[in-house]
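> Here you go, sequence then predicted model.
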Amino acid sequence: MSAFRLLLLCLGLFAVVTAAAAAEEPYKKLYRQGVELNKKGDLEKAIGAYTKAIALKPDAAGIYYVRGRAYRQMEQLDKAIADFSSAITIKADYAEAYNERGVTYIGKGAKDKYRADFKKGCELKNENACANLKKFK
């Protein structure tokens, strides 16, 4: 392969990688914006930013997870459970999501559901889920 062809190949690869990174940037920016808003206690705006990020990247389990936590903080438990469930659907081994959904089920008094989630989270090596499983027998 000539040096010129190798250079063209490298430039093409660089262009593809750069384009892929740029395509993700709005999603990441909205995610970071949501995290900052959440830290400031502006949960409604944080949820709005997370929702926009999900629209751009609907397969991002982590965004559903953080939005679920914000919903739980606002005591919108059904929405929180739906988001934790979406995170788990996308990433079946998302131990933290099992634990958080379990914590949310406590608020609904759903003993069988929170115990099952803590058990699954513990099986996936989440220390908080293991502690919650012992605490909420």
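Arrived safely.
> check contacts around the spatially most central residue of the chain.
For the chain, the residue nearest the mean C-alpha position is residue 62 (1.6 Å; C-alpha atoms, centre = their mean). Contacts of residue 62 were listed using C-beta atoms under 8 Å, 6 or more residues apart in numbering, and they are 31, 87. The way it works is simple: take the backbone N, C-alpha and C, and place the C-beta from them, glycine included.
> Compute the distance between it and residue 89, please.
To residue 89, residue 62 is 13 Å away according to C-beta to C-beta, to the nearest Å.
> Then residue 109?
Residue 109 is 24 Å from residue 89, where distance means C-beta to C-beta.
> which of the two has more neighbours?
Taking neighbours as other C-beta atoms under 10 Å, residue 109 and residue 89 compare with residue 89 leading, 12 against 8.
> Please identify the helix or strand for that one.
Element membership for residue 89, per DSSP states H and E: helix 77-90.
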